[in-house]
Every structure is written in structure tokens, then in C-alpha cells.
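Engineer: Sequence first, then the predicted structure:
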Amino acid sequence: MLSEDSFCDTPCIFTDVLRDIDTGLIILDTIGKKVFFKNAHAVKILEPLKAAQDYEGLSALLCNDLDPLQQPGRTRSRQTIIHYEHRVLGYTVYRIPEDKRHISIFIQDITDRHRLAAIDEATEMMNNIGCLFSGIRHEIGNPLNSIKMALAVLHSNITKYSPEEIDVYFNRISGELVKMETLLKSLKNFSMFETPRTSDIDLAMFFDNLMQLLGADIRAKKVEIQIDIAPEAKRIMVDPRALQHVTMNLFANAVDAMAETPNPRLLVRSQSRGNVILLSITDNGCGMSEELSRDVFKPFFTTKAHGTGLGLVISKKMLTQMHCGIELVSEKGIGTTFHLTLPKSATKIQRGEA
């Protein structure tokens, strides 16, 4: 391994900067199987990780990020988080396209940032829980009050009303009970898939199977479906049950949004984006204004007459548990696109396809 002094002797005007920056920098020689350079900050950060002091230890630590960089076109990994004792490290691996010998690793101690992010996440969670319980009180309280009023009227007039009039009140009670039952079924999904069982999934096969379930119903509503799964963007690591739940919810929303569209069209497309696959679900329905788009992931927010406002909230929760993301792009009168970011599978099959 070259020392910092040796590295400084090389004709590189950035040596002093690289040596003194407050980000750890490690350069590995993958052909010579040695550590080419470590700056002082990297040494300080890695000191508690005794197994990561030499080339073999670092290679073992970074193997999941090093292997994908051997694929054509790959120049960097996503940031990886390491927890040890009470500290949190984050690192990213880079490869210069023209240099097949060296790999660069930038590593930082992100403990404080991680704690602040955890506090923000906890605060947002508490706000959502507060909003959730407020919504539950409202969504259950209204039908419950309606049932109580109907029963009170029936109790006072049961001997006076005709069978037809009594049926009106019982039908009202039954309708309110159905509303409460629908809400409780939606809330049940909050506890589903708490521990995702991720596995290697082929998106092309996933949508083939999904269309066998939903295709006939969607086409019966005169919706044209186009599914374009790119060969290099089809293998992902997710819980197939959770992804099916999310996709079915997005399809249902899209079909509802296209109810008044003359030529409804639903497009599903996948693209490779570094270590993730971008799955886009696009409709040409009514779309949403910017104001509505900001509220769609809030509990109990809905534009549907009989919606619970929990579908997208539950979908976002499931995706987050699988380290996936979801974003919305919508324009009123044009249509809506949901972008899902899904982690790529690291299987040998994918490496052969890349």
C-alpha cells in the first residue's frame, strides 16, 4: 500500500485536497489486490472496523457494491449505510470508466445526520398517526351517529311505521355499517406485510400474471393497456404480495380517473436507473391540480365519492418497508404518472443481461 507521502509524490495537483478533505477517501487497486491510498479521515473513520483495514477486509465489506461496477456503463454505487456500535457510516463506490484497475470509495461518518433524519421521520410518523386517528374518529363517528339516530327513531315508532318505512331505516343502517366495514378492512392493511419477504422478481412475468387477474376487467372498461418492460430493467428485489397490492391500487385509481376519457390508455414502463429500476404507471385520465397532488398521500384524503383515502397511504408504507419509493406527477386534464423506484436484483441472471 502506498502511504500518503508516496501518493503526494505522484504528479497530481489534487493530492493536498484529497489528503485533507473531511470525507474519507480510499482507492483500491483491484488488479494488484492492495489498498492504493487512504487519507487520514478514512483511517479515522475505519479505525473501529478492525476487519476493514486491508484490501481483503475492505473487499469483503464492499463486495455488494464492487461487483455491479464491473458491468458496462456502471460508474458508481448507491450510498450504503453501515451500523456499528453507536455510529453510522455511509459510503459510495466510484469507478472511472477509462480506469479498469482502480476503485474509489468515499466514506463519511453520518451518525448525526442519521439521527436528525430519524427524528424527522418520527415526527412525520406522529403527525400521520394523529391525522389517522382524527380521520378514524370522523369516518367511524359519522356513520355511528347515523345508526344511533335511525335506531332511536325506530325504537319510538316501530309500532306506527309500515313495513316499507321500517325497511328504509334498516337499509340506512345497513349502508352505514358497510361504510364502517370498508374502513376497517382498509385499516387492516396497515398491519399487513409488516416484515416484507423480498425475493427476486421478474417484472415481465409479474405483469403477465397480474394481467391474467385484472386484464379482462380493465379491457371491459375499454381501457387500452400497454406494458413495456425493458430487458435490462426487469429483475427487482421486492415482496411480490406487497407489490401486487400496490399495483392493483394504482391500476384501480387510473381506471377511475379515465372514466370520462374518450380513449382511455394505461401505460406501464420500466427503465434502468443505476441501482434501481424506475417503474412508471401512466394514465391519460382527468389528472390533478398541483394542490390536489400535494395531498394524495395524506390519510383519508380522497376525491372519490366512496373512497376511504387510505389506498395510497398504505401503498407508500408498503413500498417504504421494501426500500422503494413512489412519486406522483399529474396535470389536470392531461393525466397522471406514478413513478416507483424499486431496488434491482443482484442475481447472476441480471449481470448477464446488463
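Structural biologist: Cool, got the structure. Numbers count the residues shown, from 1 in each chain.
Engineer: And stretch 252-270, end to end?
Structural biologist: 19 Å (Cα to Cα, to the nearest Å).
Engineer: so how far is it off the chain centroid?
Structural biologist: Averaged C-alpha coordinates place stretch 252-270 at 22 Å from its chain's average position (Cα atoms, centre = their mean, to the nearest Å).
Engineer: Adjust the sequence numbering to begin at 428 for everything that follows.
Structural biologist: Sure, I'll start counting at 428 from here, so that last one is stretch 679-697.
Engineer: And for it, what's in contact with it?
Structural biologist: The contact list for stretch 679-697 (Cβ atoms under 8 Å, 6 or more residues apart in numbering) reads 630, 634, 645, 648-657, 660-661, 678, 704-714, 731, 738-739, 762-763. (Each C-beta comes from the backbone N, C-alpha and C, glycine too.)
Engineer: now the residues you listed: which count as buried?
Structural biologist: Neighbour-count burial (16 or more other Cβ atoms under 10 Å) applied to those gives 630, 634, 645, 650, 652, 654, 656, 660-661, 678, 704-714, 738-739, 762-763.
Engineer: among those, which are in strands?
Structural biologist: 652, 654, 656, 704, 705, 706, 707, 708, 709, 710, 762, 763 (DSSP state E).
Engineer: Of those, which pair is most distant in space?
Structural biologist: Within these, 704 and 762 form the most distant pair, 21.9 Å apart (Cβ to Cβ).
Engineer: show me the contacts for residue 470.
Structural biologist: residue 451.
Engineer: Reduced to three states, what does it come out as?
Structural biologist: Secondary structure for residue 470, judged by DSSP: H, G, I helix; E, B strand; the rest coil, is helix.
Engineer: Got the confidence number for it?
Structural biologist: At residue 470, the pLDDT value in this model is 85.
Engineer: Roughly how far does it sit from residue 540?
Structural biologist: From residue 470 across to residue 540, the span is 21 Å (Cβ to Cβ, to the nearest Å).
Engineer: Repeat that for residue 502.
Structural biologist: For residue 502, the distance to residue 540 equals 25 Å [Cβ to Cβ].
Engineer: Checking residue 690 next. Helix, strand or coil?
Structural biologist: Residue 690 is classified as coil under three-state DSSP.
Engineer: mind checking pLDDT for it?
Structural biologist: Residue-level confidence at residue 690 comes out at 93, pLDDT.
Engineer: For it, the count of nearby residues, please.
Structural biologist: Per other Cβ atoms under 10 Å, the neighbour tally for residue 690 reads 9.
Engineer: Equivalent analysis for the one 5 residues further on, please.
Structural biologist: Residue 695 is flanked by 21 other residues according to other Cβ under 10 Å.
Engineer: Please confirm that it is located within a strand.
Structural biologist: Yes - membership of residue 695 in a strand is supported by three-state DSSP.
Engineer: Specify the beta-bridge partners of it.
Structural biologist: With DSSP bridges as the criterion, residue 695 is bridged to residue 654, residue 708.
Engineer: any chance you could map the helices in this protein?
Structural biologist: Using DSSP state H, the helices of the chain run over 431-436, 442-447, 467-473, 482-493, 538-584, 590-615, 630-647, 667-684, 717-722, 738-748, 775-780.
Engineer: where in the chain is pLDDT low?
Structural biologist: Scanning the chain with the threshold set as pLDDT under 70 gives 428-442, 444, 477-479, 489-501, 510-513, 541-565, 612-621, 726-736, 774-781.
Engineer: Could you chop it up by domain?
Structural biologist: 431-536, 541-618, 626-780 (automatic domain parsing).
Engineer: highest average neighbour count across those?
Structural biologist: Most buried of the domains of the chain, by mean neighbour count (mean count of other Cβ atoms under 10 Å): domain 626-780, with a mean of 17.
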